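Colleague: Structure here, sequence nowhere to be found:
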């Protein structure tokens with residue numbers, strides 16, 4: 001075994017992270033003591049200033065082409081459509097071989113773009129299932145990924161070396177790796193992440209402003225996702241439309257079932273429904 005985290009020699013590796021928001025910054029914090037060099041790129045001057053203050057990277061720059069110049073691994077930690085743009089630009093910036101991993105919240109479009117990269121690139125899709133409502137490097141946390149799934153969506157061209165890096169990355173940040181097809185990932189997270197965001201958004205739209213003084217912790221936790229970054233969520237929704245619409249259809253059917261049960265005013269039917277949903281919840285989170 002090479003290094004401390006599986007078959008990949010992480011301590012010998014120069015890594016570029018393009019994007020130092022919550023996820024990219026948390027990855028940088030978790031990785032910086034375990035790699036040979038860390039090169040960071042972000043267009044936001046405040047993020048770069050904070051990265052300098054924290055001594056977060058060997059290089060901190062607004063120019064992604066400078067960050068990747070000597071990198072053996074490139075981590076794309078930007079919003080989904082920014083990742084798609086970076087994938088188009090990478091071949092112009094470097095001529096040497098490199099592993100390319102993204103951490104975008106949808107995978108099908110990104111993996112299709114990765115498949116078009118020249119052969120010198122060794123790509124694999126990724127998505128850590130972790131986050132906070134608050135965005136930005138100021139809220140980054142090296143423990144953000146602890147005990148959380150880190151999903152990887154390898155391409156047919158993905159090498160065993162890139163898979164080994166993905167495994168090492170998950171282990172060093174404290175996550176556990178899961179492997180699946182990009183389309184399967186996008187359909188599942190549409191139900192567990194993207195549709196819940198839209199439900200939170202709908203609640204925020206439906207509740208009248210005068211209720212603010214009577215909002216308890218139950219409402220706050222239910223509507224929490226509505227505070228997510230609009231830019232990030234716009235990219236997610238627009239690159240996963242079919243799966244999100246499928247999930248919304250399922251949600252609408254469930255809401256109609258609840259409404260019909262209430263309209264019947266049959267207490268036993270309502271009790272059965274409420275018991276069913278409580279059992280589902282505890283089966284998931286007990």
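Modeller: All right, it came through fine. Keep in mind it's a predicted model, so treat the numbers as computed, not measured.
Colleague: Next up, the contacts around the residue nearest to residue 137 when sequence neighbours are not counted.
Modeller: Closest residue to residue 137 apart from its sequence neighbours, by C-beta to C-beta, 6 or more residues apart in numbering: residue 25 at 4.0 Å. Every C-beta, even on glycine, is put in place using the N, C-alpha and C of the backbone. By C-beta atoms under 8 Å, 6 or more residues apart in numbering, the contact list for residue 25 reads 47, 51, 56, 136, 137, 140.
Colleague: Same check on residue 188?
Modeller: residue 180.
Colleague: Doesn't it belong to a strand?
Modeller: No. According to DSSP: H, G, I helix; E, B strand; the rest coil, residue 188 belongs to no strand; its state is helix.
Colleague: Now do the end-to-end distance for stretch 101-113.
Modeller: 12 Å (C-alpha to C-alpha, to the nearest Å).
Colleague: just curious, which of the contacts of residue 25 is nearest to residue 225?
Modeller: Closest approach to residue 225 among the contacts of residue 25 (C-beta to C-beta): residue 136, at 16.9 Å.
Colleague: which ones are touching that closest one?
Modeller: 21, 22, 25, 47.
Colleague: Hmm, the second one is touching residue 142, no?
Modeller: Yep, that's residue 22 we're talking about. No. Residue 22 is beyond contact range of residue 142, at 12.0 Å (criterion: C-beta atoms under 8 Å).
Colleague: Looking at stretch 118-136 now, give me its mean pLDDT.
Modeller: Averaged over stretch 118-136, pLDDT sits at 94.
Colleague: I should have written stretch 250-257 there, sorry.
Modeller: When pLDDT is averaged over stretch 250-257, the result is 95.
Colleague: which residues are in contact with that stretch?
Modeller: By C-beta under 8 Å, 6+ apart, stretch 250-257 touches 191, 195, 199, 273.
Colleague: any idea how far it is from the chain center?
Modeller: 27 Å (C-alpha atoms, centre = their mean, to the nearest Å).
Colleague: Following the chain onward from the helix or strand where residue 90 lies, which element is next?
Modeller: Residue 90 belongs to helix 80-93 when assigned by DSSP states H and E. Next along the chain after helix 80-93, taking DSSP H and E as the criterion, comes strand 98-102.
Colleague: Does anything pack onto that following strand? Which helices or strands?
Modeller: In this structure, strand 98-102 makes packing contacts with strand 73-76, helix 80-93, helix 108-115, strand 121-128, helix 160-172, judged by 3 or more C-beta pairs under 8 Å, 6 or more residues apart in numbering; DSSP states H and E.
Colleague: switch to 7 Å and redo it
Modeller: strand 73-76, strand 121-128, helix 160-172 (3 or more C-beta pairs under 7 Å, 6 or more residues apart in numbering; DSSP states H and E).
Colleague: tell me what the last one is packed against?
Modeller: What it means is helix 160-172. strand 98-102, strand 121-128, strand 149-154, strand 176-179.
Colleague: Could you tell me the angle between it and strand 121-128?
Modeller: 30 degrees (axes from the mean of the first three to the mean of the last three C-alpha atoms, to 10 degrees).
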